[in-house]
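Undergrad: The sequence and its predicted three-dimensional model are supplied below.
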Amino acid sequence: MPDPNWNRRDFLKTASAATLAALSAGAARRLPGFEPEPDTQPEKITPTADTLIVLWMAGGMPHTDTFDPKRHMPFEVGMDPARLASTFPTIDTAVDNIKFTAGLEKIAAVMDRGALIRSYTAADLGFILHSRHQYHWHTGYEPPQTVAAPHIGAVIARTLGPRDPVMPAFIDIGQTFDNGEGQELRAFHQAGFLGSEYGPFLLPYPNQAAEAIRPPAGMSIDRFQNRYKAYRKLIEATPIGQHGSEYQHDSLTRSLDNAHRLLSSPAAKAFDLSLEPKASYDIYNTGRFGQGCLLARRLTEVGARFIEVTTEYVPFLHWDTHDNGHTRLVDLKKQIDAPIAQLVRDLEERGLLDRTLIVLASEFSRDAMVEGKADQKVQDQVDVPPTLTEMKHYGLHRHFTGAGSVLLFGGGVRKGMPYGKTADERPCTTIENPVTIENLHATMYRAMGISPKLAYEIERRPFYVTKDGTGVPIRELFA
Amino acid sequence: MAERFWAWSVLLSVSAGVAWLVHAQGLPAPASHVTPVAPIPEPIDFDRDVRPILEAHCWKCHSTQKHRGDLRLDSRDAVIKGGESGPAAISGRSGESLLIELVSGVDPDRIMPDEGPRLTQPQIDTLAAWIDQGLVWGTEVVVPAAPRYELALKQITVPPASAGSQSSNPIDLIIGSLAQEIDASSVPVSDRLYARRVFYDVIGLPPTPSELETFLGNPAPDKRENLVQRLLADNRRYAEHWLTFWNDCLRNDYAGTGYIDGGREQITQWLFEALYNNMPYDRFVSELVNPPSNASAGFSKGIIWRGVVNASQIPPMQAAQNISQVFLGLNLKCASCHDSFINNWKLSDAYGMAAVFAEEPLEVNRCDRPIGTLAKAGFLYHELGEIQPDAPRADRLRQLSALLIARENGRFTRTIVNRLWARLMGRGIVEPVDEMDNPPWNADLLDFLAADLFDRGYDLKKTLELILTSRAYQMAATPSAEKFESAAPFAGPVVRRLGAEEFVDAVRSLAGIWPDKSDARIKVPGVDGPYPGPIRAGLQVADPLMLALGRPNREQVVTSRPGVATTLQAIELTNGGVLDSILRQGARRWLSEYPAEPRSLVIAIYTRALGRPPTDSELRDAVDLLGPTPGTAAVQDLLWAITMLPEFQLIS
């Protein structure tokens, strides 16, 4: 329902809200002096993408059982776990020199629209923990830090702002925070020192996303609009001198205006999955993650800037396969295969893929034997019996940082491009072109037109968007 | 080129990969599958590796002071530009770089440095690798470091009150002597506004209509002073309110990272009691720094993260950073990694403080690499006295806490009075409040308040009382600025927005709806059984409403919260479940007390919410909204509209 009082001048006022917010006390200041140096960044960074979608495989996705197949070893009682590389057979993709494991046929069919990094190499942060590595992946900094490090979504929101002024610039789909490590998850689902303006708009249940931008449950649209009109009238009626400063007064009323604008904007419909045609909805509807992909597509269409869709991190669930790895991956692949492929196809069909970068990643990979340092037993690592006797042992159950797969689609990324290489023998470690989080982030930022050396000042020191400004984009990945 | 080095080096540092090469020998897999990993130079970190070399051997002759041979080596551009003999270095080509040629001594007649020791081969290799990797420069000085502010307090003589002076409060006399107009022409705010300010600032709640009525109707000339004293004596509500401020400073919470596996301990009960009993501030800090029991130990113990953490975040270093920040208003964060570029603190200073807390000998790390020396415990201000580095830990803690609270340490009292002033006035005498080397806008005032705190036995309530009863506090509010400069003159308290907990409490007061139980496990002195209501927001685990309104994750020390209104907050306020539920229940309660008579309902709600009856036009508009026979929905909507008003959310 468009607000009848909404006019162009209001629109301009709205647009300046972010600027105002940025100027508020305590907010981080962008440092002009820390723009890319002409010498190290010979090309001016022209963005190749306007929107970034991160598809988060939470809990540790094993590369050799997904996008980087090795010798397939079917389950046999008595088999040696030290020889276990892939528990799925290899399949072809649309690209000759890229193979996947079985169960990912639909993504395989669209591989010619994207690039595959096989050599993502997670940092060694002591013993390997999901929450720490997820924090590291999402902020580029190892926890803990002396200042609250912002999520990459917040960096993008702060640096580029929303594409559509009514839309939250950083949208996070699929994660809840009431599990055992909820606080650890909260620690990086935030804008940190950049200020809460740039924090995530949380949509834990895609099917209920519409409620997040709808009047409270049980309130009709009429009542909702009357309530707002009454508020506007009461503000007008407030005696002069009770307003506080104009700046604060404006910032309060403008923020409420923005909220109401979003709630009554055409963009709001994008949050409502029930408006999706059934045939299309059914393709995506493999579960919450699939619905999240659909929501991401709908939000991209109406001007989202940064979206993360997660399979959701819950200790020992989803990709956190401490047992039954193979069996559970059969199901996980069903959840991700169709929706991701459809997301790529739909964006392409709508002419949006070229300006939307999709990145699929996980905090680390998995191996049958190695956890952390190969010669050292890690606290709480999964017990692997000397020989496999039961199906529940069959899978890759230990946390592995030596390699990992990252898929990229659209957003100016070279099509059908493999990058990096892993060894054919377990633990199938990176042997060519290792990619660190700094360089992966630099690559994503580059697509979005952001220098990896961009810094924000906090407590009088520069805080770079990649650690100490060291990230270097992988140029080979760009067309 | 550079990216290859970075990338390869990470492979090397991922021991899993390297170790596997060894491990693989024992496996049946043929070794030919293994692609050997080429030895690749370590990535150079300028601040860690290069800066110390340049500092020790080059900058004496080639930087700001001197530029011999017309050469400076203190910025990347200067190195590339070079001097009389041409560029000192060519990015990516150490073999062709003059710098390497000269330091290696290829030509015995031209060796650099020409004074002092020659560079060692590893140092030369480091410089060469640095050049090859693109001459990446390190952290720049953002703002020149302020010179260190004098430690001792100045002796302040409070000017005598002049004839006809409105105030004998020393704050006003000190300010007034500089700015007559404050004393002479400013009209204090109305009783109503004053009461609202003082209630929020002391107990974090608005006055109830009857509390306000009593105050307004009181003819006593000293009723403002009496009100302040009465509120400060309300130990429980005072403690409930100030708990939030101290929880932020001391990063105490009822849920958060670290608690999951005992890596963090609450100090909630200790803190609450300390506030309730108005523990003198010197003892308060002593018990945090040198805990007499486990009850107050959580702050200096810090947060123990699982896994390996950066050397600058080990628990003793957390203690050094947080104690320095909270109690001395100084930033040791940079210096805990390397000599600071933004202030005058050195790596050795930070490690000196950290070593006081270390249970075992503490190895000094620069930028997360050990440098082969052990830290020597010491205090930051050596002129105040020393800590015996070899004394047992318990003695070191005792010595540290004694040095912190020593009378001669003016920094200690200045920092806390400045925090209290900033809380009440909306900006500090020194800004930012964590940079106490910045010049104050009124040095006499700052030192007077600091000395006064000491003289009155470190009684923080006395400082609060002094500020709250000053004419300066009673001046009309000034607009909030985007950022306060430390030296900008004082023009009255700054309009401030209610904090997350204050807003929730204000809404709950209006609704008359409170939570059933406290998440903070607190026993109120002298009260048996569960926490007596009403349960304040500061005693609850952060909910989506409080998070949206800026209640921080308390993983880092937070000494001030931003007051800006954001769209994400507004969305939560517009349709969030927490506020909706409080207001719905509140509407039912209001209706049960004022059944269906719109006018009296509106008057009562306005009076409760804003401390004043509605104006005629407000009454008309509000009655319009309610309709002739208001139901829960209409009343709820009125409550919502009123709580969204700037007048409700801002303290002016």
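TA: Sure thing, it's come through.
Undergrad: All the helices of chain A, residue numbers only.
TA: Counting by DSSP state H, chain A forms helices over residues A:8-22, A:105-109, A:130-139, A:152-160, A:182-186, A:209-212, A:221-237, A:246-263, A:278-284, A:288-301, A:325-349, A:437-447, given from the N-terminal end onward.
Undergrad: The ones you listed: which one's closest to B:Ile582?
TA: For the helices of chain A, proximity to B:Ile582 was assessed by CB to CB; helix A:221-237 is nearest, at 15.5 Å. C-betas here are computed from N, CA, C, even on glycine.
Undergrad: any idea of the angle the closest one forms with helix A:246-263?
TA: Helix A:221-237 runs at 170 degrees relative to helix A:246-263, counting by axes from the mean of the first three to the mean of the last three CA atoms, to 10 degrees.
Undergrad: List the buried residues of helix A:221-237.
TA: Using 16 or more other CB atoms under 10 Å in any protein chain shown as the burial criterion, the residues of helix A:221-237 that qualify are A:223-235, A:237.
Undergrad: B:Ala511: which of the residues you listed is nearest?
TA: The closest of the buried residues of helix A:221-237 to B:Ala511 turns out to be A:Arg227 (CB to CB; 16.1 Å).
Undergrad: my read: the closest one touches B:Ile642, true?
TA: No. With contact defined as CB atoms under 8 Å, A:Arg227 does not reach B:Ile642; the gap is 11.3 Å.
Undergrad: From B:Gln649, how far out is B:Ala565?
TA: B:Ala565 is 8 Å from B:Gln649, where distance means CB to CB, to the nearest Å.
Undergrad: which neighbours do those two share?
TA: Taking CB atoms under 8 Å, 6 or more residues apart in numbering or on different chains as the contact criterion, the common neighbours of B:Ala565 and B:Gln649 are A:Leu252, B:Arg497.
Undergrad: neighbour-wise, which of these two wins?
TA: B:Ala565 (30 against 22; other CB atoms under 10 Å in any protein chain shown).
Undergrad: Just list the residues touching that one, thanks.
TA: When contacts are counted by CB under 8 Å, 6+ apart, B:Ala565 is found next to A:Gln248, A:Ser251, A:Leu252, A:Arg254, A:Ser255, A:Leu256, B:Arg497.
Undergrad: for it, helix, strand, or coil?
TA: Recorded secondary structure, B:Ala565: coil (DSSP: H, G, I helix; E, B strand; the rest coil).
Undergrad: any idea how chain B splits into domains?
TA: Chain B resolves into domains spanning B:2-33, B:46-132, B:500-525+B:565-651 when parsed by automatic domain parsing.
Undergrad: any chance of those in TSV, with mean pLDDT and distance to B:Trp441 too?
TA: Supplementary listing: the domains of chain B in TSV, determined by pLDDT from 0 to 100; distance: least, CB to CB, whole Å:
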stretch	mean pLDDT	distance to B:Trp441
domain B:2-33	33	47
domain B:46-132	83	31
domain B:500-525+B:565-651	94	22
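Undergrad: how about the ones you listed, which one is nearest A:Gly411?
TA: Closest approach to A:Gly411 among these is made by domain B:2-33 (19.6 Å; CB to CB).
Undergrad: Run a quick neighbour tally on B:Pro147.
TA: What B:Pro147 shows, counting by other CB under 10 Å, is a neighbour count of 10.
Undergrad: picking that back up, among the buried residues of helix A:221-237, pick out the one closest to A:Ile117, please.
TA: The nearest member of these to A:Ile117, counting by CB to CB, is A:Phe224 at 46.3 Å.
Undergrad: Give me the spatial nearest neighbour of the closest one, chain neighbours excluded.
TA: A:Pro215 (3.7 Å; CB to CB, 6 or more residues apart in numbering or on different chains).
Undergrad: any idea of the pLDDT on residue 158?
TA: Because you didn't say which chain, this covers chain A. pLDDT, the model's per-residue confidence, is 94 for A:Arg158.
Undergrad: other chain: chain B
TA: What the model reports as pLDDT for B:Val158 is 91.
Undergrad: Please verify my assumption that it contacts B:Asp447.
TA: No. Because the distance of 11.3 Å does not satisfy CB under 8 Å, B:Val158 is recorded as not touching B:Asp447.
Undergrad: more crowded one of these two?
TA: Looking at B:Val158 and B:Asp447 with other CB under 10 Å, you find the greater number of neighbours at B:Asp447, namely 23 against 16.
Undergrad: from memory that one sits against B:Thr157, does it?
TA: No. With contacts counted by CB under 8 Å, B:Asp447 stays clear of B:Thr157, the gap being 11.1 Å.
Undergrad: so where does the nearest residue to B:Ala511 once chain neighbours are set aside fall, helix or strand?
TA: In this structure, B:Ala511 finds its nearest non-sequential neighbour in B:Gly586, 2.5 Å apart by CB to CB, 6+ apart. Under the criterion of DSSP states H and E, B:Gly586 resides in helix B:577-593.
Undergrad: chain center to that helix: distance?
TA: Using CA atoms, centre = their mean, to the nearest Å, the distance from the centre of helix B:577-593 to the centre of the chain it belongs to is 36 Å.
Undergrad: what's the answer for stretch B:302-316, then?
TA: Relative to where its chain is centred, stretch B:302-316 has its mean C-alpha point 19 Å off (CA atoms, centre = their mean).
Undergrad: Low-confidence bits of the stretch 151-300 of chain A, can you list those?
TA: For the stretch 151-300 of chain A, applying pLDDT under 70 flags the ranges A:240-245.
Undergrad: All the strands of the stretch 1-150 of chain A, residue numbers only.
TA: According to DSSP state E, counting those that start in this stretch, the stretch 1-150 of chain A carries its strands in the segments A:29-30, A:51-56, A:90-92, A:99-101, A:114-117.
Undergrad: For chain B, find the nearest of those.
TA: strand A:29-30 (8.9 Å; CB to the nearest CB).
Undergrad: Now the closest one: average pLDDT?
TA: Rounded to a whole number, the mean pLDDT of strand A:29-30 is 57.
Undergrad: go on, stretch B:267-280?
TA: What stretch B:267-280 shows for mean pLDDT is 98.
Undergrad: what sits against B:Gly116?
TA: Listed by CB under 8 Å, 6+ apart, the contact partners of B:Gly116 are B:His57, B:Lys60.
Undergrad: do you know how far it is from B:Trp59?
TA: Going from B:Gly116 to B:Trp59 by CB to CB gives 12 Å.
Undergrad: Could you do B:Arg118 as well?
TA: Taking CB to CB as the measure, B:Arg118 and B:Trp59 are separated by 17 Å.
Undergrad: Which one of these two is surrounded by more residues?
TA: Taking neighbours as other CB under 10 Å, B:Arg118 and B:Trp59 compare with B:Trp59 leading, 17 against 14.
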